[in-house]
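**Student:** Sharing a model prediction with you, sequence too.
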Amino acid sequence: MKISSKNTRDVDWFRSVSSVIASGCWIWTRYRIRDGYGRLTLNGRQVLAHRMVMHVSGGMTSKQFEDPVTIVMHTCDQPACVNPEHLRIGSQQDNIRDRDTKGRTAKHLKRRDKQGRFN
């Protein structure tokens with residue numbers, strides 16, 4: 001995804017509060033919810049970090065950002081990742097198809113480590 005120059009500063013902030021690992025993931029180092037997704041507060045509202053970085057990077061419109069039906073999928077399968085290059089927009093059906101294709105259904109899930117990766 002090409003990030004517009006006007007949004008570079010915002011995206012750089014996300015990278016600065018992340019730990020970059022070998023896979024290229026930017027692991028959110030601030031608050032994470034139980035399933036490993038980063039969360040922040042914006043104007044008194046709780047927002048998932050990967051959704052916010054998609055929005056500020058230009059990969060998601062304001063309408064999509066506000067729409068809870070719009071899914072931001074991790075191509076890296078790393079819930080804590082906020083690297084916009086590892087994120088894409090999809091539907092719930094796309095997310096289910098991706099999960100099934102990769103064999104990540106609940107009966108196949110392994111435990112996650114501290115960074116949210118599957119062991």
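**Tutor:** Received the coordinates, thanks. Treat the numbers as computed from the prediction; the structure is a model and nothing was measured.
**Student:** For the residue nearest to I33 when sequence neighbours are not counted, give me its contacts.
**Tutor:** Sequence neighbours aside, R39 is the residue nearest to I33 in space, at 5.4 Å (criterion: CB to CB, 6 or more residues apart in numbering). In short, each C-beta sits where N, CA and C put it, glycine included. Contact analysis of R39 by CB atoms under 8 Å, 6 or more residues apart in numbering lists 31-33, 46-49.
**Student:** quick one: low-confidence parts of this protein?
**Tutor:** 1-11, 106-119 (pLDDT under 70).
**Student:** Strands of this protein, start to end?
**Tutor:** Along the chain, the stretches classed as strands by DSSP state E are 18-20, 26-28, 39-42, 45-48, 71-74, 87-90.
**Student:** what's near enough to touch R99?
**Tutor:** R99 touches T105, counting by CB under 8 Å, 6+ apart.
**Student:** hmm, I was thinking of R30
**Tutor:** 17, 38, 40, 49.
**Student:** distance of it from C76?
**Tutor:** Distance of R30 to C76, given as CB to CB, to the nearest Å: 19 Å.
**Student:** Ok, T70 next?
**Tutor:** 19 Å.
**Student:** Next: Q64.
**Tutor:** For Q64, the distance to C76 - CB to CB - is 20 Å.
**Student:** One more: R104?
**Tutor:** In terms of CB to CB, R104 sits 12 Å off from C76.
**Student:** V17 contacts W28, doesn't it?
**Tutor:** Yes: using CB atoms under 8 Å, V17 is in contact with W28, at 7.0 Å.
**Student:** Counting neighbours, go ahead and name the busier of those two.
**Tutor:** A direct count of neighbours by other CB atoms under 10 Å for V17 and W28 places W28 higher, at 27 against 15.
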